[in-house]
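A.B. asks: Next one to model:
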Amino acid sequence: MRGVDLASIREAAERVASSVGVEIVDVEWKIGAQRLLRVYIDKSGGITHGDCQRVSEQLGVVLDVEELIPGPRYVLEVSSPGLDRKLRSQAEFERFAGRLARVSLNEPIEDSKFFEGRLAGVSDGMVRLEVGGRVVLLPLSVIRKANLVVEW
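C.D. replies: Next comes the predicted model:
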């Protein structure tokens, strides 16, 4: 039995997303108690339950017709990335400028691998993060994980 090709699944998801008017944020394949394909979608103004339903229905058909997930049953889950969404690309760091974020690094900057502060934009591959009244420059290339922080 052949394995799951996430690139092909993502390409299929992108086709469906463009027809529905949303964008694909991430695609994850997890095997545990069940086989799970998780697809995160977003759009300007936010995602509705109807958006998730349309993507799920259409993508489910495409995955089955194109036989992109071989083997036994799987669960397809389509949702928004959530309030504490992951940040991966330069475009996402720019889009959420002004928001609070938590960032973990692969290597230390200023003797620390962890920062929390306000995103202040990106330029020349460097994320600007306002931390304690100053701006820290974090190279995109050393960011291991970044998430928005929910503010109440």
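
A.B. asks: which element follows the longest helix along the chain toward the C-terminus?
C.D. replies: The helix spanning the most residues in the chain, taking DSSP state H as the definition, is helix 49-65. Later in the chain than helix 49-65, the nearest helix or strand by DSSP states H and E is strand 75-79.

A.B. asks: What average pLDDT does that following strand get?
C.D. replies: Per-residue pLDDT over strand 75-79 has a mean of 96.

A.B. asks: Next: stretch 62-69.
C.D. replies: Mean predicted confidence for stretch 62-69 is 94.

A.B. asks: close enough to count as contact, Phe115 and Gly132?
C.D. replies: No - counting by C-beta atoms under 8 Å, Phe115 does not reach Gly132; the two are 9.9 Å apart. The way it works is simple: take the backbone N, C-alpha and C, and place the C-beta from them, glycine included.

A.B. asks: Looking at those two, which one has more neighbours?
C.D. replies: Shown here are Phe115 and Gly132; by other C-beta atoms under 10 Å, Phe115 has more neighbours (20 against 8).
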